[in-house]
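Participant: Please find the sequence and the predicted model below.
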Protein chains: 2
Amino acid sequence: MSSRGVRHDSMRARNLAVVLATIHRSGPHTRAELAERTGLTKTTVSSLVADLIEAGVVSESGAVQKGERGRPGVAVSLSGRRVAALGLEINIDYLAACVVDLTRTVRLRRTRPADNRNSDPAAILDGLRVLAKEITAEAEAGGLRVIGAALAVPGTVEGEVLRSAPHLGWRDVRVPDLVDLPFEIDNEANLAALGELWFGSRESDFLYVSGEIGIGAGLVVDGAVFRGTYGLAGELGHVVVVPDGPACRCGGRGCLEVYAGQDTLLGALGSAGSAGSGGSADAADPAGAAGLVGSTGSVGELVARLEAGDPEAVRTCERAGHALGVALTSAVHLLDPGLIVLGGIYAPLYRWLEGPVSEGLGARLAQMRGTPPALVVSGTGPDAAVLGAAGSVIQRIIADPAQLLGL
Amino acid sequence: MSSRGVRHDSMRARNLAVVLATIHRSGPHTRAELAERTGLTKTTVSSLVADLIEAGVVSESGAVQKGERGRPGVAVSLSGRRVAALGLEINIDYLAACVVDLTRTVRLRRTRPADNRNSDPAAILDGLRVLAKEITAEAEAGGLRVIGAALAVPGTVEGEVLRSAPHLGWRDVRVPDLVDLPFEIDNEANLAALGELWFGSRESDFLYVSGEIGIGAGLVVDGAVFRGTYGLAGELGHVVVVPDGPACRCGGRGCLEVYAGQDTLLGALGSAGSAGSGGSADAADPAGAAGLVGSTGSVGELVARLEAGDPEAVRTCERAGHALGVALTSAVHLLDPGLIVLGGIYAPLYRWLEGPVSEGLGARLAQMRGTPPALVVSGTGPDAAVLGAAGSVIQRIIADPAQLLGL
DNA sequence: TTCCTTTAGTCCATAATCTGTACATAATCC
DNA sequence: GGATTATGTACAGATTATGGACTAAAGGAA
């Protein structure tokens, strides 16, 4: 709750943000349309747009608004030419980085396969610093100005400290600024949820479920991630499914993770599963169709078994789906999301999970809510978290473009 | 997300709110202190305070700031003289109303015992309208200006429609404006949470658990109630405790309500429980110590049995506590509250619930969070919801005092 | 007591920003 | 080609905050 008064400069800063947000939300607009939408006068909008152009965040896109009659207006749209953001990710078996511009176009992407289980934080962070420096240099060689960075980690984060990342074996690691830029860290699921918002063409209210080795969730309400009091909200993986079920790594019993975590699901393969993933995708692929992260070998194997109708695999998947349905029922009652998006390894498994999950939701929620929230598969692919990290930086630029004018 | 630009008048409106919120948050201040805290100049603060005095929301409280040296400043504090809010409540066995002034002082309170189970909405609402008119008239006779009203109902609310209040037997009831004032409806648990915030001297982040016939919860984050996408968040009573447990009224199975709802707890009394509550408390009791609602007979009886060590009662209470511990574990993982407050009938039962609940929380959360959120008993008593209703109106006045200047 | 120092609050000229009307511009319609 | 309509800019005017000067009121020192 900001308790600072509004002065002339903050009024203008706010109005710059309002105009930019309008363009960002609903696409290119003429100055006249912006005036209508924001309630400001044409004069003021013209002046604000001039500043935004100078800051390099918007440009006159030549395209004219084909009005019925009268002088056509020139549309003003986001500019991807100058300002860009750096997304970083540490995950169990890879490091990743990407550069995204203001128009949500992925300009560069890099992955380094690695085995980060039970690793030394300092070494990994050094590796990531090198990766960040390389990709930033390349982006700047291409004329982009990288304005900030964010890092996604598979664990709980408070401030700049990684509290606990059990699968990395890290605990209370203070992450230093990896780049000479504004820098922040956040939980993988939270950032993946933002990735879904920014790159999965979602409306602004949904619960993103990130199925990985751990299971996280990010609740997006009105375009922002809900973080709770200490930033630890959304730990779906440890919602209780069976009060006296099997012990979980977290110290509890019968947590969702025990029934639907990646290790359990891949356990259905026996001990025959192949280990590491293959090569890296080092190409600049602006379309974003190909996965940034190489397809996770053993999940692919599970899918193959499921397609072949392997009964053990099918049964495990069904059980996971049921457990997910139970946990999501609790989550819907508590969080009231507008939509549920299944991501991470749940995306390739969606065909087999959807039935049991939505059955459970429907049976338990129908009477209290009419229709339970829809269940859909993520549209982002396995890169959600890195992309979301970059997206979170861009989100902050759009929320306050004035910071670019001072420099 | 407001997409409207800031104009001069909204800048001033915002600054009025900033000054008023500062006084509200941290007590009386001199103009000079306000200038320091808000970052505005003394000149501007003086002018804003003059407007706030004219609006009747603050006054110079004579008290002077005993500075070390120099001219002493006159403290400006909230004024309870003019502006007040009306809180209303429909519950299973009573109607209630109260008038609260800006300083959080309860000026008037009224209760009408009633049996509202499976009742006719129109008749009940008419009765409430009469009650509201009476108490408003009395408040205005006392020189107060009642500026808005809010109604707490035991059910889910969307906009001005009461979607479902199973214990009243109401469904999709459109509630008309009961008074000639700005008027809103909200869920009993949400408003009770606000009541706890306003009248229970809480910090601004906690989860309020409302144990009634149904079990609700209101999450307060940064001083505001978290409502979710459709305003249906916080339905703690239907969090799944045992996936294939006994059927619940909601269509699900093994919901918390089945194990820890009032009906289950009182079921421990056999069928001997006394029915209605006694007299009404019609006095104007500014201290607020006495309960607005007559003590619920049968809960009192349960407490008596527990004190006597009745094994059936103790066992039921323990089972409820365990279930509550499980449900709250899930809630903590999803919502990350800073504190858990037990209210409603859980307040008198706190002595017997605290053990099993915090045991369950501790065992399940310790490893992931160090210390789980503290568990405390509500400081508000059974009136939390009506008081919170009035509080929510006052909250909106404080968030935008400019609306009072136009009239 | 008297003066000096310190802090509070007000006055007034100035600055920043938005508004509103007027106007130049550029398209369509007849 | 002229009328109509809409866009975008220019300039004067309005609103609000700022900043330094000034008055006010207390304590402390001489």
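Facilitator: Right, received. Where do you want to start?
Participant: count of residues packed around the nearest residue to A:Lys42 once chain neighbours are set aside?
Facilitator: Leaving out its chain neighbours, the residue that sits closest to A:Lys42 by Cβ to Cβ, 6 or more residues apart in numbering or on different chains is A:Ala35, at 4.5 Å. All C-beta spots, glycine's among them, are computed from the backbone N, C-alpha and C. As a burial measure, A:Ala35 scores 20 neighbours (other Cβ atoms under 10 Å in any protein chain shown).
Participant: Likewise for A:Ser201?
Facilitator: By other Cβ under 10 Å, the burial measure for A:Ser201, its neighbour count, is 10.
Participant: repeat for the one 5 residues further on
Facilitator: Counted with other Cβ under 10 Å, residues neighbouring A:Phe206 total 24.
Participant: Just name the shakiest helix or strand of chain A by mean pLDDT.
Facilitator: In chain A, no helix or strand scores lower on mean pLDDT, DSSP states H and E than strand A:58-65, which sits at a mean of 81.
Participant: between the next helix or strand after it and strand A:58-65, how big is the angle?
Facilitator: With elements assigned by DSSP states H and E, the helix or strand that comes after strand A:58-65 is strand A:73-78. Angle, strand A:73-78 to strand A:58-65, by axes from the mean of the first three to the mean of the last three Cα atoms, to 10 degrees: 140 degrees.
Participant: which helices and strands sit right next to strand A:73-78?
Facilitator: Applying 3 or more Cβ pairs under 8 Å, 6 or more residues apart in numbering or on different chains; DSSP states H and E, one finds that strand A:73-78 contacts helix A:8-26, helix A:31-38, helix A:42-55, strand A:58-65.
Participant: hmm, back to that, strands paired with the least confident helix or strand of chain A, and their directions?
Facilitator: Sheet pairing of strand A:58-65 (DSSP bridges) gives strand A:73-78 (antiparallel).
Participant: Buried residues in the strand it pairs with, which are they?
Facilitator: Across strand A:73-78, burial judged by 16 or more other Cβ atoms under 10 Å in any protein chain shown covers A:Gly73, A:Ala75, A:Val76, A:Ser77, A:Leu78.
Participant: The residue nearest to A:Lys42 against A:Leu48, yeah?
Facilitator: No - judged on Cβ atoms under 8 Å, A:Ala35 makes no contact with A:Leu48 at a distance of 9.9 Å.
Participant: Quick one: low-confidence residue ranges for chain A.
Facilitator: By pLDDT under 70, the low-scoring segments of chain A are A:1-2, A:63, A:65-67, A:270-297, A:407.
Participant: where exactly do the helices run in chain A?
Facilitator: Applying DSSP state H to chain A gives helices spanning A:8-26, A:31-38, A:42-55, A:121-141, A:188-199, A:256-260, A:262-267, A:297-308, A:311-335, A:350-369, A:384-399, A:402-406.
Participant: Go through these and pick out the most buried.
Facilitator: Of the helices of chain A, the one with the most neighbours on average (mean count of other Cβ atoms under 10 Å in any protein chain shown) is helix A:188-199, at a mean of 29.
Participant: if you look at that helix, does any of it touch chain B?
Facilitator: No - between helix A:188-199 and chain B, judged by Cβ under 8 Å from any Cβ of the partner chain, nothing touches; the nearest distance is 11.6 Å.
Participant: Can I get that helix in PDB? Just the C-alpha atoms.
Facilitator: Provided in PDB are the C-alpha atoms of helix A:188-199 (Å, rounded to 0.1, in the frame of the first residue of the first chain):
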ATOM      1  CA  GLU A 188       9.500 -21.600 -11.200                       C
ATOM      2  CA  ALA A 189       5.700 -22.100 -11.000                       C
ATOM      3  CA  ASN A 190       5.000 -18.400 -10.400                       C
ATOM      4  CA  LEU A 191       7.000 -17.400 -13.400                       C
ATOM      5  CA  ALA A 192       5.700 -20.200 -15.600                       C
ATOM      6  CA  ALA A 193       2.200 -18.900 -14.800                       C
ATOM      7  CA  LEU A 194       3.300 -15.500 -16.000                       C
ATOM      8  CA  GLY A 195       4.800 -17.200 -19.100                       C
ATOM      9  CA  GLU A 196       1.400 -18.700 -19.700                       C
ATOM     10  CA  LEU A 197      -0.200 -15.300 -19.300                       C
ATOM     11  CA  TRP A 198       2.300 -13.700 -21.700                       C
ATOM     12  CA  PHE A 199       2.900 -16.300 -24.300                       C
END
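Participant: helices or strands up against it?
Facilitator: Applying 3+ Cβ pairs under 8 Å, 6+ apart, we find helix A:188-199 packed against strand A:145-153, strand A:206-211, strand A:215-221, strand A:224-226, strand A:339-344, helix A:384-399.
Participant: Measure how far it is from the centre of its chain, please.
Facilitator: How far helix A:188-199 lies from its chain's middle: 1 Å, per Cα atoms, centre = their mean, to the nearest Å.
Participant: between that helix and strand A:206-211, how many degrees?
Facilitator: Using the same axes, to 10 degrees, helix A:188-199 lies at 130 degrees relative to strand A:206-211.
Participant: The residue of the stretch 101-250 of chain A found nearest chain B - nearest residue in space that isn't next to it in sequence?
Facilitator: Closest approach between the stretch 101-250 of chain A and chain B, counting by Cβ to the nearest Cβ: A:Gly228, at 2.6 Å. Spatial nearest neighbour of A:Gly228, chain neighbours left out: B:Asp336 (2.6 Å); criterion: Cβ to Cβ, 6+ apart.
Participant: OK, contacts around the one you found?
Facilitator: Residues near B:Asp336 by Cβ atoms under 8 Å, 6 or more residues apart in numbering or on different chains: A:Arg227, A:Gly228, A:Thr229, A:Tyr230, A:Gly231, A:Leu232, A:Ala233, A:Gly234, A:Glu235.
Participant: give me that answer again for 6 Å
Facilitator: B:Asp336 is in contact with A:Gly228, A:Thr229, A:Tyr230, A:Leu232, A:Ala233, counting by Cβ atoms under 6 Å, 6 or more residues apart in numbering or on different chains.
Participant: neighbour-wise, which of those leads?
Facilitator: Within the contacts of B:Asp336, neighbour counts (other Cβ under 10 Å) peak at A:Ala233, which reaches 27 neighbours.
Participant: how about it, what does it touch?
Facilitator: A:Ala233 neighbours (Cβ under 6 Å, 6+ apart): A:Phe226, A:Arg227, B:Leu335, B:Asp336.
Participant: And the third one, how far from A:Ser392?
Facilitator: When you say that, I think you mean B:Leu335. Going from B:Leu335 to A:Ser392 by Cβ to Cβ, to the nearest Å gives 21 Å.
Participant: Ok, the last one next?
Facilitator: Computed as Cβ to Cβ, the B:Asp336 to A:Ser392 distance reads 19 Å.
Participant: Get me the contact residues on chain A for DNA strand C.
Facilitator: Contacts of chain A with DNA strand C, taken as Cβ under 7 Å from any atom of the strand, map to A:8-9, A:11-12, A:15, A:39-44, A:47-48, A:64, A:68-72.
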